[in-house]
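S.K.: Sequence and predicted structure, then a few things I'm wondering about:
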Amino acid sequence: MKTTPSENCVGVADCLPIASPPYPAAATSSSICTVDTSQSPDEVLRQVLIQCFDSSKETVLGSAPDYADSIMKKLSSLQSNATEKLKDISHETYSPAKDDNAVWISTSSLFKDDTTKGSWKLLHEFLRMSFPLLKTENASHPPQSNDDATVRNDNNKDDETKKIPKNAWVCAIVDDCFFSLIPYLLRPAEDLLQLYTFRSLGPVLSTTNEEVSRSNQTNNRKKNRWKKSKKGNQDGINEKDRGQIDRESNEGKILLHLKPDIPRTERRNIHQIITGKNNRKSDFETSTRNDVSINSGNDKLENATAQTTTAIVVQWSRMALQNFQKKRKREESNNYSNGDNKRNSSKSDLASSKSCSSDVNALFCTLKKEQVEHQVALQSLMRALKCRPGDIGTAGIKDMKAITYQFCTLRNVDIKRAQRPIMDERVNLYNFMPVQNFLLDRGRLLGNQFLITLRNLRQIERLEEGDMPSSWRERAVPVRTSHLNAMVDRVGKHGFINYYGEQRVGDAGEKEYVGVRSFDVGRALLKQNFALAVDLIMEGRSSNVYNPTQEEVHTRQTWKKTKDARATLKEFPKSRNVMVRERDLMRGLLRYGDPLEAVKTVPHNTRTFWVHAYQSLVFNKVATERVRRYGRQPIEGDLYFQDNESGVRVVTDPKTVNICQVVLPLPGYTVQYPTNAIGDLYGEILAADGVQLSVKNDTEESSAKGSYRKLIQYANNLQWDAATDEDAKSNTSSETDPVVDAARFKFELESGCYATMMLRELMLTTMSRGNGKY
């Protein structure tokens, strides 16, 4: 199978490298089909209509070609009527039920023969491709009509009729879902036909960057054949405009030119109409582009003049692309599995076809970042590589206050493009290796290796002891080698409580002192108080725990005083590496005016991080109480993982379970809770916070699925050595138990474990020696 990358791909083509057939929607149908889909959409549709012809009605309808031509003529007439409505700018509302007659097509003949069943799907797909302004619906019977072109379903109830589904009729009517955009558009006929065509073609995606230039010639021939096939249609669009539409239809995004006098406040309605925020889940995402030439389509003028306007940029959403990829893989899998019985081609041909159409090309490399937050690093990569967040794959989030290295995949990015300079010097990519059908994502991490140096080591020595802690006195003394050996042996033998670190939960201390923590935002989201979540995100951490710039402080104060997204955006720091989440949030609030929709503009991983932070806080509280009450021994009613099993079990005989198998749930609507007193503790904590997690909500941002986490964890290959200079080594080499001022610790942890929690247990101290509370 030959692939068809999009020409001059932008946006969509850089997201999912899926090979595409000549006309994308139909070539991967899993049912049997005898139609040649490599031809033009009009010709494919005509072949399908011929198969729909009922030979028993030949005396009424004429021959099969005559019947197909009659249906095509009626569809063309319906398309032309819809086009005229697009040209009527003053016509703000449209009712196809009153203005146009539907075209009814009987498909019962397709189900009488197994070789034509696949044509039923092609009928829907290629009808929309040939006539973008129309949509198809299934029905059990047509309305009463005497038109010769309408086929009646009056077959005898024989064995063949039993194979015919209930809804054996296809009704073609005008699709008016975007007609409400007419009053806003400068060129409604051209732009809306372009939008409908863009939607009907679907996400036609390229495979690799190297194949794009090689396949441009083939792609152009197919586009020219498309234009020739549409030349005779009576849709009111001339060939020059048709060529412009075809060139832009599948290059990843299109432009809808607005009237120059449309105020900014009304643009929100336009975005909602296109993205379907009001009535349905849309396949599109939109943005705004200013200073677009009225005459030159996509060309953006450097010096804006009176001949410019604002345009709405429409492109396929990430969810739509993912669904398209899943659908293609599922259909190709069905094709392959049915190959022996329903195909005449060989297994090798089917396997080759499947591989050709589902291969994903990426670049495997190493991402290094130094003292930079994970999300800020990804933003820098996106700007340098001109890609989307979904094109950058990592298996986890690394600490900000460290020099970190992690594997990374770049989807549909070649080496030359990946070697572009990155503006942020703290972020770097290297060790490039092309890979195929391998993309990193959250959850694919096996573990982490750490090399951590601790300096200025001191041991706390207690001078006096009494009944009350207030009578204790402490002093810091040098750390000896024997003390470090004892600490490492203890942690290696007994492990440590598998707490979530402050990187996940937030800084320890009272809220009035440390400010907003991640779990505060997550708790507000789970309570569906999205306005409070916006306020908490904009409030941020306190200056007591980090040093914000004056611009950051002023921006947060502006929001606190005005609650005005537009005024707040004007005060943001010029650097795009600062307040990344807050900037996305304010832009979303300005665009949609709804706190929930504003939260959805923040990257998905960040939104889920806030919810996970609250789950992590609950886990830490329960883990503390579990160890305080029952120690390190399994008890009846605990949950544990059995080796080589995915589900959890309830402990009935503690003697048969090891403490390293015991798990605690992160609260959610899919998890099982312990059957002892610890299970009741979950309900008490959630009730005190006013959070309900037992039922899944329709809103993803206020739901938590839940998972399980080990109570006790172990550090693998834990080693240490002194990190001192040569002079210090020579001075202490003769001592049997030398003083250690700095030590390097090397160890490995499973994914999701925190090195700070292991060090906390090793050093027998808290990460902060204050008396703060969560």
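M.R.: Happy to help now that I have it.
S.K.: Pull out the buried residues from the helix or strand hosting residue 121.
M.R.: Using DSSP states H and E, residue 121 sits within helix 119-130. Buried residues in helix 119-130, defined by neighbour count with 16 or more other C-beta atoms under 10 Å: 119, 120, 121, 122, 123, 124, 125, 126, 127, 128, 129, 130. C-beta: built from backbone N, CA, C; applies to glycine.
S.K.: what packs against it?
M.R.: helix 41-52, strand 134-139, strand 169-174, helix 188-201 (3 or more C-beta pairs under 8 Å, 6 or more residues apart in numbering; DSSP states H and E).
S.K.: what comes into contact with the second one?
M.R.: Applying C-beta atoms under 8 Å, 6 or more residues apart in numbering, the external contacts of strand 134-139 come out as 75, 78-79, 82, 104, 123-124, 127-128, 167, 169-175.
S.K.: Name only those of these that count as buried.
M.R.: 75, 78-79, 82, 104, 123-124, 127-128, 169-175.
S.K.: Looking at those, point me to the pair that's furthest apart.
M.R.: 82 and 169 (21.1 Å; C-beta to C-beta).
S.K.: Nearest to residue 723 among the buried ones among the contacts of strand 134-139?
M.R.: Using C-beta to C-beta, those come closest to residue 723 at residue 128, 67.2 Å.
S.K.: Surely the closest one touches residue 202?
M.R.: No. Using C-beta atoms under 8 Å, residue 128 is not in contact with residue 202; the gap is 9.5 Å.
S.K.: which residues does residue 474 bridge with?
M.R.: Taking DSSP bridges as the rule, residue 474 bridges to residue 462.
S.K.: so who does it touch?
M.R.: 460, 461, 462, 463.
S.K.: again, but for residue 423
M.R.: 380, 383, 384.
S.K.: Which strand or helix spans it?
M.R.: Element membership for residue 423, per DSSP H and E: none, as it lies in no helix or strand.
S.K.: what's the distance between it and residue 549?
M.R.: Noted for residue 423: a distance of 18 Å to residue 549, by C-beta to C-beta, to the nearest Å.
S.K.: can you check residue 705 too?
M.R.: 38 Å.
S.K.: more crowded one of those two?
M.R.: Neighbours per residue, other C-beta atoms under 10 Å: of residue 705 and residue 549, the larger number sits with residue 705, 15 against 12.
S.K.: how about the helices in the stretch 251-400 of the chain?
M.R.: 264-275, 318-337, 339-342, 347-358, 374-385 (DSSP state H, counting those that start in this stretch).
S.K.: what's near enough to touch the closest residue to residue 712 other than its chain neighbours?
M.R.: In space, and not counting its chain neighbours, residue 712 is closest to residue 495: 4.7 Å by C-beta to C-beta, 6 or more residues apart in numbering. For residue 495, the contact set (C-beta under 8 Å, 6+ apart) comprises 660, 712, 713, 714, 715.
S.K.: Any chance of TSV for those residues, columns neighbour count?
M.R.: Shown next, in TSV, are the contacts of residue 495 (neighbours: other C-beta atoms under 10 Å):
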residue	neighbour count
660	17
712	18
713	21
714	20
715	24
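S.K.: out of the residues you listed, which are inside strands?
M.R.: The members of the contacts of residue 495 that map onto strands under DSSP state E are 712, 713.
S.K.: for the contacts of residue 495, which one is nearest residue 735?
M.R.: residue 715 (27.7 Å).
S.K.: how near is that closest one to residue 260?
M.R.: Taken as C-beta to C-beta, the span from residue 715 to residue 260 is 65 Å.
S.K.: For the residue lying closest to residue 182 once chain neighbours are set aside, give its distance to residue 179.
M.R.: Distance criterion C-beta to C-beta, 6+ apart; nearest residue to residue 182, sequence neighbours excluded, is residue 188 at 4.6 Å. From residue 188 across to residue 179, the span is 9 Å (C-beta to C-beta).
S.K.: any shared contact partners between the two?
M.R.: Common neighbours of residue 188 and residue 179 (C-beta under 8 Å, 6+ apart) are residue 86.
S.K.: my guess is residue 131 meets residue 172, correct?
M.R.: Yes. Here residue 131 reaches residue 172: they are 7.5 Å apart, a contact under C-beta under 8 Å.
S.K.: Common neighbours of those two, please.
M.R.: 75, 78.
S.K.: could you check the angle helix 374-385 makes with the top helix by length along the chain?
M.R.: If you go by DSSP state H, the chain has its longest helix at helix 604-630. Counting by axes from the mean of the first three to the mean of the last three C-alpha atoms, to 10 degrees, helix 604-630 lies at 160 degrees to helix 374-385.
S.K.: Next, format the contacts of residue 474 as JSON lines and append pLDDT.
M.R.: Formatted as JSON lines, the contacts of residue 474 follow (pLDDT from 0 to 100):
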{"residue": "460", "pLDDT": "81"}
{"residue": "461", "pLDDT": "79"}
{"residue": "462", "pLDDT": "72"}
{"residue": "463", "pLDDT": "71"}
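S.K.: top of the residues you listed by neighbour count?
M.R.: residue 460 (12 neighbours).
S.K.: Now name the helix or strand holding that one.
M.R.: In this structure, residue 460 is located in strand 458-464 according to DSSP H and E.
S.K.: So which other helices or strands are in contact with that strand?
M.R.: Secondary elements touching strand 458-464 (3+ C-beta pairs under 8 Å, 6+ apart): strand 473-480.
S.K.: what about the strand it packs on, distance to the chain center?
M.R.: Chain-centre distance of strand 473-480: 51 Å, with C-alpha atoms, centre = their mean, to the nearest Å.
S.K.: What residues of that strand count as buried?
M.R.: 479, 480.
S.K.: quick revisit: off-centre distance for the helix holding residue 121?
M.R.: Worked out by C-alpha atoms, centre = their mean, helix 119-130 lies 29 Å from the chain centre.
S.K.: do stretch 428-436 as well
M.R.: 22 Å.
S.K.: ok, and for that stretch, which residues are buried?
M.R.: In stretch 428-436, counting by 16+ other C-beta under 10 Å, buried: 429, 432.
S.K.: and that stretch, C-alpha only, in CSV?
M.R.: Below are the C-alpha coordinates for stretch 428-436, written out as CSV (Å, rounded to 0.1, in the frame of the first residue of the first chain):
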residue,chain,number,x,y,z
ASN,A,428,19.5,20.0,26.2
LEU,A,429,18.8,17.0,23.9
TYR,A,430,21.5,14.5,22.7
ASN,A,431,22.1,10.8,21.9
PHE,A,432,19.6,10.7,19.1
MET,A,433,18.4,7.4,17.6
PRO,A,434,15.6,6.9,15.2
VAL,A,435,13.0,4.3,16.4
GLN,A,436,9.7,3.0,15.0
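S.K.: which outside residues touch it?
M.R.: Residues contacting stretch 428-436 (C-beta under 8 Å, 6+ apart): 359-369, 381, 408-409, 415, 418-419, 422.
S.K.: try 6 Å this time
M.R.: Under the contact criterion C-beta atoms under 6 Å, 6 or more residues apart in numbering, stretch 428-436 has outside partners 359, 361, 362, 363, 364, 365, 366, 367, 368, 415, 418.
S.K.: Run the angle between the helix or strand encompassing residue 583 and helix 604-630 for me.
M.R.: Following DSSP H and E, one finds residue 583 within helix 580-592. Relative orientation of helix 580-592 and helix 604-630, computed by the same axes, to 10 degrees: 120 degrees.
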